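>>> Structure of the sequence below:
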Amino acid sequence: MAAGADVNRPYPEHSCPLLAAVCGAPAQPIEWLPGAVACAISPGPESEERLQGGEAGSRYWADEVTLQHKVEAILQNVQERFLQRGYLVWNLGSGRGCGPAGTLLGLAPTDDKYAVNDVSAPARTPQ
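I've put the predicted structure just below:
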């Protein structure tokens, strides 16, 4: 993690539960990013409503648009509060594959919004 991040600083008692409550999922450690956690966000019933209401042409589209709206709303709602406490909430993005749609939001012990930009999951070298 970049300068400004303090991986030894414990999260305030309310930070992880607050993010988990907003996201609707428990916070899990990010193995490759010491001191950071992530919460999963799922499309939920809003996606089904889009699909059934004819707004979406496909399940994929309904899930993607719903996730985008949810993530934007959560970040607008909590980002400034966390930054004031010295914690960054950011969109880790969505995985692609055959599993259910979802997006991850990360929480890191830094108020530097650029601290997590240089970090990525470690490359896996074939054995």
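>>> Can you pull out the low-pLDDT segments for the protein?
Residue ranges of the chain with pLDDT under 70: 1-15, 56, 95-100, 117-127.
>>> Tell me where it has helices.
Using DSSP state H, the helices of the chain run over 15-23, 44-52, 59-84.
>>> Grab the most central residue of the chain for me.
By Cα atoms, centre = their mean, the chain has its centre lying nearest to Leu105, at 0.7 Å.
>>> Does it touch Ile41 like I think?
Yes: using Cβ atoms under 8 Å, Leu105 is in contact with Ile41, at 6.3 Å. Just so you know, the C-beta spots here come from the backbone N, C-alpha and C atoms, and that holds for glycine as well.
>>> which neighbours do these two share?
By the contact definition Cβ atoms under 8 Å, 6 or more residues apart in numbering, Leu105 and Ile41 are jointly contacted by 23, 71, 74.
>>> Quick check: closest non-adjacent residue to the first one.
Meaning Cys23. If the residues on either side of it in the chain are set aside, Cys23 comes closest to Cys39, at 3.7 Å by Cβ to Cβ, 6 or more residues apart in numbering.
>>> Please name the bridge partners of Thr103.
Note on Thr103: beta-bridge partners by DSSP bridges are Ile41, Ser94.
>>> Could you pull up the residues touching it?
Applying Cβ under 8 Å, 6+ apart to Thr103 gives the contacts 40-41, 67, 70-71, 91-94.
>>> Tell me how many other residues surround the nearest residue to Ile74 once chain neighbours are set aside.
Using Cβ to Cβ, 6+ apart and skipping the chain neighbours, the partner closest in space to Ile74 is Val22 (5.5 Å). Val22 has 17 neighbours, counted by other Cβ atoms under 10 Å.
>>> wait, what's in contact with Val22?
Counting by Cβ under 8 Å, 6+ apart, Val22 makes contact with 39, 74, 77-78.
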